[in-house]
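Peer 1: Build me a structure from this.
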Amino acid sequence: MANSDNAGLEIDLCENVLVSVSAPDVHEVYVGTFGASYVFDCAYDSDCDKMFMSQWTSKDLDFTDQFQQYRNTYFTVERVLLEYIDVDADTPVTVHLSNDGGVNWTTKTLTLGTGDGTQKVADFWLMTGAAAECTGKKFVLRLSSSSTSTRFIWTGINIVFCPRGKYKEVS
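Peer 2: Residues are numbered from 1 along each chain as shown. Okay, the predicted model is just below:
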């Protein structure tokens, strides 16, 4: 519906769940493994019966390596799409996201897999209840899994984000 009173009105499509609408302000960045697979293996599952966590941590991510027009921009990360090989059933996997260099983390844990050996994608929504914690200029992403009986192989990561605004220093 066109309305002359709303001319120039911008609608933030990141806030809406409109699967069939293409939103130019929603982007994905592929963090990925570029041909490698990372295996969290249960061959070394404990230290004197004390389970330890297998984890992978990214470098600082600001998304400008793929979207240079967004230098000095704040972003809101909506979700992380984790590509994995379904090796074992009921594998606990956690995605951690930090916007302050790893001091504080927003986390989402899912139990993945049926053990059918196929390539799959898990959707980790991070915008549930803690939207402010998913907004920042730079992010650190961590994947973790701790189990004494399951293996986890991930093959790629897509981060879905929205640019929010330019960073301005106020004195």
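
Peer 1: ok, the strand ranked longest in the chain: who's next to it in the sheet?
Peer 2: Criterion DSSP state E: the longest strand present in the chain is strand 152-166. Strand partners for strand 152-166, identified by DSSP bridges, are recorded as strand 27-30 (antiparallel), strand 38-40 (antiparallel), strand 73-85 (antiparallel).

Peer 1: List the buried residues in that strand.
Peer 2: By 16 or more other C-beta atoms under 10 Å, the buried positions in strand 152-166 come out as 152-164. C-beta: built from backbone N, CA, C; applies to glycine.

Peer 1: Between the strands paired with strand 152-166, which has the poorest mean confidence score?
Peer 2: Ranked by mean pLDDT, those bottom out at strand 38-40, which scores a mean of 57.

Peer 1: Dump stretch 65-85 to PDB, restricted to CA.
Peer 2: What follows is stretch 65-85, C-alpha atoms only, in PDB (Å, rounded to 0.1, in the frame of the first residue of the first chain):
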ATOM      1  CA  ASP A  65      36.300  -8.400   4.500                       C
ATOM      2  CA  GLN A  66      33.200  -9.300   2.500                       C
ATOM      3  CA  PHE A  67      31.100  -6.100   2.900                       C
ATOM      4  CA  GLN A  68      33.600  -3.200   2.700                       C
ATOM      5  CA  GLN A  69      30.800  -0.600   2.500                       C
ATOM      6  CA  TYR A  70      30.000  -1.300   6.200                       C
ATOM      7  CA  ARG A  71      33.300  -0.100   7.800                       C
ATOM      8  CA  ASN A  72      32.700   1.500  11.200                       C
ATOM      9  CA  THR A  73      29.200   0.000  11.300                       C
ATOM     10  CA  TYR A  74      27.300  -1.700  14.100                       C
ATOM     11  CA  PHE A  75      25.800  -5.100  13.300                       C
ATOM     12  CA  THR A  76      23.100  -7.300  14.900                       C
ATOM     13  CA  VAL A  77      23.700 -11.000  14.500                       C
ATOM     14  CA  GLU A  78      20.400 -12.800  14.100                       C
ATOM     15  CA  ARG A  79      21.500 -16.400  13.900                       C
ATOM     16  CA  VAL A  80      24.300 -18.800  13.000                       C
ATOM     17  CA  LEU A  81      23.800 -21.500  10.400                       C
ATOM     18  CA  LEU A  82      26.200 -24.400  11.200                       C
ATOM     19  CA  GLU A  83      27.000 -26.900   8.400                       C
ATOM     20  CA  TYR A  84      27.900 -30.300   9.800                       C
ATOM     21  CA  ILE A  85      28.100 -34.000   9.100                       C
END
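
Peer 1: Convert the C-alpha atoms of the longest strand of the chain to PDB, please.
Peer 2: What follows is strand 152-166, C-alpha atoms only, in PDB (Å, rounded to 0.1, in the frame of the first residue of the first chain):
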ATOM      1  CA  PHE A 152      30.900 -33.800  16.000                       C
ATOM      2  CA  ILE A 153      32.200 -32.700  12.500                       C
ATOM      3  CA  TRP A 154      31.500 -29.200  11.200                       C
ATOM      4  CA  THR A 155      32.200 -28.100   7.700                       C
ATOM      5  CA  GLY A 156      31.100 -24.500   7.500                       C
ATOM      6  CA  ILE A 157      29.400 -21.500   9.200                       C
ATOM      7  CA  ASN A 158      27.100 -18.800   7.900                       C
ATOM      8  CA  ILE A 159      26.400 -15.800  10.100                       C
ATOM      9  CA  VAL A 160      23.200 -14.000   9.300                       C
ATOM     10  CA  PHE A 161      23.400 -10.300  10.300                       C
ATOM     11  CA  CYS A 162      21.900  -6.800   9.800                       C
ATOM     12  CA  PRO A 163      23.900  -3.600   9.600                       C
ATOM     13  CA  ARG A 164      22.700  -1.100  12.100                       C
ATOM     14  CA  GLY A 165      24.500   2.200  11.800                       C
ATOM     15  CA  LYS A 166      27.800   4.000  11.600                       C
END
